[in-house]
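A.B. asks: predicted model follows, preceded by the sequence.
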Amino acid sequence: MGCFWIAAVFVLWSAALALAEPQTTGTAPTEDTFLRDRKAILAMAGNYHVTFSFRETVSFLDGYELKEPYTSQGHETVRVIRDDGDFISLQHILVVDGIWEDHMPIKHWRQDWVYEPKQIFEYVGRHVWRTRPVDAVEGRGKWAQLVYQVDDSPRYAAVAEWTHQYGASVWNSSPTWRPLPRRERSKRDDYDVLVTLNRHALTPEGWVHEQDSSKIILRKEAQILAREIGVNTYTASDAFKIQVAEDYWNNTKEFWAEVRAEWRKLHDEFGTFGVKPSDQSGKLYNQILLLAKNVREEKLDLETAVVRAREIIRASTTTHAAEFKSPVRLQDEKR
């Protein structure tokens with residue numbers, strides 16, 4: 001157990017992600033490989049029937065009983081919202097059966113891809129993210145995947161190579177830390193962080209997102225609670241009202257651009273910051289999504305909505321270290 005934890009923490013230091021839309025090293029890529037990597041990333045854009053499946057597989061704590069598997073499905077569009085060559089941003093938007101609408105759009109997660117990043121952010125526990133430089137050796141030929149939550153706050157990231165062997169294009173990360181997923185953090189508090197190996201792979205039908213996670217209890221001696229396997233499949237499909245997602249994004253994209261800019265500004269100013277737990281459990285993303293809904297329905301003008309979003313983000317975050325001491329930060333201070 002101790003050996004696993006030491007290995008997991010060691011790998012954390014090599015986790016890679018850039019909270020801002022970062023600069024790259026400027027190293028000239030190998031054209032064939034670089035273009036194949038880009039093609040693989042861009043191939044994840046499209047319209048999909050999506051299945052989400054998570055299953056706990058092994059218990060490591062005496063008396064802990066594995067939870068029932070979680071499954072859900074729906075339809076989702078993935079759109080390229082920015083492509084600068086060595087920076088690609090993909091926005092996910094769900095289309096679901098709504099309460100007040102027959103088909104309702106829901107802004108979902110976002111994934112940014114950066115070739116040979118110069119800096120990354122990493123999750124360090126206790127709802128805290130911090131910035132770490134990536135040197136040229138670590139980043140050479142690799143892509144950072146930056147994953148953001150529905151309100152565009154950071155979630156997790158890693159740096160790894162795309163490989164194109166045996167007829168498959170695959171991006172496979174080392175273990176990195178991430179906070180509890182939304183499907184669990186409102187229901188349970190018996191563990192503190194996920195340490196996850198993250199894999200993206202293209203398939204003949206679309207692509208698949210695989211996750212191999214350890215659920216960790218953070219104490220003086222960290223303890224693995226259980227392991228979990230996640231398999232999310234994206235199967236190409238036009239059998240839903242795609243225009244609902246298109247209309248939503250066209251009506252709200254300027255608002256979301258300003259929200260992303262505010263998170264980048266926070267990162268640039270402080271480098272390390274925390275999201276207050278009371279807001280992380282739902283209040284922050286609910287408020288931001290409501291502002292976007294009001295912009296979409298023309299109940300609120302863009303300028304007013306942006307001002308309120310900035311105020312909400314600042315009120316929901318903290319840069320005072322005393323408020324978010326995390327195990328990793330404490331280890332740093334002992335050095």
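C.D. replies: Alright, I've got the coordinates.
A.B. asks: let's see stretch 225-237 as CSV, backbone CA atoms only.
C.D. replies: Below are the C-alpha coordinates for stretch 225-237, written out as CSV (Å, rounded to 0.1, in the frame of the first residue of the first chain):
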residue,chain,number,x,y,z
LEU,A,225,-10.6,3.2,-0.4
ALA,A,226,-11.4,1.5,-3.7
ARG,A,227,-10.6,1.3,-7.4
GLU,A,228,-13.0,2.3,-10.1
ILE,A,229,-13.1,1.7,-13.9
GLY,A,230,-14.9,4.2,-16.1
VAL,A,231,-15.7,3.7,-19.8
ASN,A,232,-17.4,6.5,-21.7
THR,A,233,-18.2,5.8,-25.3
TYR,A,234,-18.9,8.3,-28.0
THR,A,235,-20.7,6.7,-31.0
ALA,A,236,-21.4,8.9,-34.0
SER,A,237,-25.1,9.7,-34.2
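A.B. asks: give the other helices and strands that the helix or strand hosting Glu254 contacts.
C.D. replies: Glu254 belongs to helix 242-270 when assigned by DSSP states H and E. On a contact count with 3 or more C-beta pairs under 8 Å, 6 or more residues apart in numbering; DSSP states H and E, helix 242-270 meets strand 70-83, strand 87-96, strand 104-115, helix 284-296, helix 302-315. In short, each C-beta sits where N, CA and C put it, glycine included.
A.B. asks: and the next helix or strand past the third one?
C.D. replies: Scanning the chain past strand 104-115 towards its C-terminal end, the next helix or strand to appear is strand 119-125 (assignment: DSSP H and E).
A.B. asks: contacts only, for His200.
C.D. replies: Taking C-beta atoms under 8 Å, 6 or more residues apart in numbering as the criterion, His200 is in contact with Met44, Gln145, Val170, Trp171, Trp207, Val208, His209, Glu210.
A.B. asks: which pair of those spans the longest distance?
C.D. replies: Longest distance between any two of the contacts of His200 is 14.7 Å, between Gln145 and Val208; criterion C-beta to C-beta.
A.B. asks: quick one on the thing from earlier: export the contacts of His200 to TSV and tack on pLDDT?
C.D. replies: Output for the contacts of His200, formatted as TSV (pLDDT from 0 to 100):
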residue	pLDDT
Met44	98
Gln145	97
Val170	98
Trp171	98
Trp207	98
Val208	98
His209	98
Glu210	98
